[in-house]
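# only geometry, no sequence info:
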């Protein structure tokens, strides 16, 4: 507490004079970006708060800055101008994922933004950059190809690697411009940390850099999808879905559970669609898990975004509230579903494929714990009574072991509130409904060894129907594991065959064989890769040839990939090489035969040369 006060006090003394003349909007953005933001971070380090985890995502902050930029003072615009433009990297290099891939990965060749230069496969591209490309391709395959979300606009999506340790966040997704009416879709790009090795990301070794890369890619790419549906998405649900998506794509990392405590501790006062802050928006991802379980399919979440995609921009061009969208998709049963969500958060009877992670979901903390017996009168918690889409829990312990019923009278219950009581004992949980006639809930046999919980839920008054599985979404048959699972930690991410290109040096280079055969995973391409790795890269001359090939092939591969007749011609030209790689013994015999024939012809030619030469000389004389 003292440290936090000291940080605020010093920050006010040093920063406020510099912005005293700025408008409120300018003041806000100057405190988030630039020198003042760096000063605040430096002050935190001085007082020992530098060990706090990095910020999950800055998509909302960058989107807001771009939207409000024209309203800022000229001096503020000058100071923050670089934050509304694409990242500038020193000696920028770019690789593209293989033919048929979807990403350009931009990275610095030098300076603080440069990634680890280790290049074990000697192809001129840092291994980490290739890993980034492979992870993003995997994320695309799951979120777009398997889960059915729309792809962001454009043929190749740009991802930038930068050193974000000073700004202390994992990544962000930023719109290039603004929607052109009547469209609400907009293109974006992603910036992520170049390495994820700092302790603020790994949380002092709790997570590995590759794990953090994976969940950041899954998170930020889903923001790109959200912008493609509708630029005006409500940010709280954007973060809810992007965070939820982390665990759907990479089930074994589980970093998102660390945010649940931020939400669970304020469920009685913070509305489900409440403002962002203190990481609560990331903790609210658990609501999407409830929807997927209750509706019997993850498709329900996609349907919410599809419904938003059909929503036109409003006249003020402000964000579109998401709860009415969710309400429509749930066929006007949002209130009952939220009541069901509150029950599940209390009882913790999660039944999905993530049930093994149940211990990572924190329990709801009771607002009141009392030792009681007989009949008591209960007043609903004020915070829940006044705030829609919140819930609170009271806990009761038995005053004796007589086993008599416990009756909880709740006079004057608001129509906005739903109430249920639960008894927990050695046999499990039992629910008891609220009696509207008597205005009470009765729990029988309240005895030693049992605990009663009284749940109050403000669900906006939508209690006309019971919780239902609706709409009847089709089962996600296309999401059933194909033997490799959906978790890329169970996969061997292949090295991405890519080449580096200076920024502005033309189209992204791709392996010629990949362009010719149309797929990085084509068996012929795999054979050639294997030959490269096991024969050429094991010796100096071979490595020289591979390095030379990577320098010369990009423009050729790009042209080949555009024309089918050229791809066919290159495949024909590659036949001898592929046959030699696939059948080395036969190729050696042919080489020996061909070589023997060539030697024989050369010998005969040399025997003929002296005779021909003598005749010529005689004739010349």
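In hand now; what should we look at? None of the values given here were measured: they were computed from a predicted structure.
# what's near enough to touch the nearest residue to residue 264 once chain neighbours are set aside?
With Cβ to Cβ, 6 or more residues apart in numbering as the criterion, residue 264 has its nearest non-adjacent residue at 4.9 Å, and that residue is residue 362. Every C-beta, even on glycine, is put in place using the N, C-alpha and C of the backbone. Going by Cβ atoms under 8 Å, 6 or more residues apart in numbering, residue 362 touches 260-261, 264.
# and those residues, which is closest to residue 98?
residue 260 (38.0 Å; Cβ to Cβ).
# and that closest one, which of the three is it?
helix (DSSP: H, G, I helix; E, B strand; the rest coil).
# cool, residue 189 as well?
Assignment for residue 189 (three-state DSSP): strand.
# retrieve the pLDDT associated with it.
pLDDT for residue 189: 98.
# export the contacts of residue 362 to CSV and tack on distance to residue 173, neighbour count and pLDDT?
Formatted as CSV, the contacts of residue 362 follow (distance: Cβ to Cβ, whole Å; neighbours: other Cβ atoms under 10 Å; pLDDT from 0 to 100):
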residue, distance to residue 173, neighbour count, pLDDT
260, 23, 20, 97
261, 26, 15, 95
264, 27, 18, 97
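# nearest to residue 156 among those residues?
residue 260 (36.0 Å).
# now do the contacts for the closest one.
Applying Cβ under 8 Å, 6+ apart to residue 260 gives the contacts 283, 286, 360-362.
# list only buried entries from the residues you listed.
283, 286, 361-362 (16 or more other Cβ atoms under 10 Å).
# so can I have TSV of the contacts of residue 362 showing distance to residue 26?
Shown next, in TSV, are those (distance: Cβ to Cβ, whole Å):
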residue	distance to residue 26
260	35
261	34
264	36
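# which parts of the stretch 351-500 of the chain are helices?
Counting by DSSP state H, counting those that start in this stretch, one finds helices in the stretch 351-500 of the chain at the ranges 382-386.
# how about the helices of the stretch 1-150 of the chain, start to end?
Going by DSSP H, counting those that start in this stretch, the stretch 1-150 of the chain shows helices at 2-19, 24-32, 34-46, 59-68, 74-80, 127-140.
# hey, least reliable of those helices by pLDDT?
Taking the mean pLDDT of the helices of the stretch 1-150 of the chain, helix 2-19 comes last: a mean of 45.
# can you give me the strands for the stretch 51-200 of the chain?
93-96, 103-107, 157-162, 171-175, 188-193 (DSSP state E, counting those that start in this stretch).
# quick one: strands adjacent to the shortest one?
Next to strand 93-96 in the sheet, as set by DSSP bridges, lie strand 103-107 (antiparallel), strand 501-502 (antiparallel).
# could I get those as JSON lines with mean neighbour count and mean pLDDT?
Shown next, in JSON lines, are these (neighbours: other Cβ atoms under 10 Å; pLDDT from 0 to 100):
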{"stretch": "strand 103-107", "mean neighbour count": "24", "mean pLDDT": "97"}
{"stretch": "strand 501-502", "mean neighbour count": "16", "mean pLDDT": "36"}
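# so for residue 224, which of those sits nearest?
Residue 224 sits nearest to strand 103-107 of all these, at 10.7 Å, using Cβ to Cβ.
# centre of the chain to that closest one, how far?
Computed by Cα atoms, centre = their mean, to the nearest Å, the chain-centroid distance of strand 103-107 equals 17 Å.
# run through who's touching that strand.
Against strand 103-107 from outside (Cβ under 8 Å, 6+ apart): 87, 89, 92-97, 113-115, 126, 129, 132-133, 136-137, 140, 156-161, 194, 498, 503, 508.
# buried ones from these, can you make that a PyMOL selection?
Restricted to buried positions by 16+ other Cβ under 10 Å, the PyMOL selection for the contacts of strand 103-107 reads:
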select buried, resi 87+89+92+93+94+95+96+97+113+114+115+126+129+132+133+136+137+140+157+158+159+160+161+194+498+508
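# what's the per-residue pLDDT of residue 271 here?
97.
# count the residues that sit near it.
Residues lying near residue 271 (other Cβ atoms under 10 Å) number 17.
# touching, it and residue 384? I think so.
No - between residue 271 and residue 384 there is no contact under Cβ atoms under 8 Å: 10.4 Å.
# common neighbours of these two, please.
In contact with both residue 271 and residue 384: residue 390, using Cβ under 8 Å, 6+ apart.
# mind checking how far residue 401 is from residue 448?
4 Å (Cβ to Cβ, to the nearest Å).
# er, residue 147 I mean
Residue 147 is 49 Å from residue 448, by Cβ to Cβ.
# neighbour-wise, which of these two wins?
Between residue 147 and residue 448, counted using other Cβ under 10 Å, residue 147 has the larger neighbour count: 21 against 12.
# quick one, phi psi at that one?
As for residue 147, its main-chain torsions (degrees, to the nearest 10) stand at phi -90, psi -10.
# cool, residue 118 as well?
Per degrees, to the nearest 10, the backbone of residue 118 is at phi -50, psi 130.
# how about residue 444: what's its closest non-neighbour residue?
Per Cβ to Cβ, 6+ apart, closest to residue 444 is residue 405, 4.8 Å.
# wait, what's in contact with the spatially most central residue of the chain?
Taking Cα atoms, centre = their mean, the centroid of the chain lies closest to residue 219, which sits 1.5 Å from it. Contact analysis of residue 219 by Cβ under 8 Å, 6+ apart lists 56-57, 170-171, 242-243, 245-246.
# picking that back up, from the contacts of residue 260, which two are the most distant?
It's 283 and 360 that sit farthest apart of the contacts of residue 260, by Cβ to Cβ, at 12.1 Å.
# and the helix or strand harbouring residue 345, how far from the chain's centre?
Per DSSP states H and E, residue 345 falls inside helix 334-347. Put simply, helix 334-347 sits 26 Å off its chain's centre (Cα atoms, centre = their mean).
# and what of stretch 224-243?
Stretch 224-243 sits 12 Å away from the centroid of its parent chain (Cα atoms, centre = their mean).
# in it, what counts as buried?
Buried-residue list, stretch 224-243, by 16+ other Cβ under 10 Å: 224-243.
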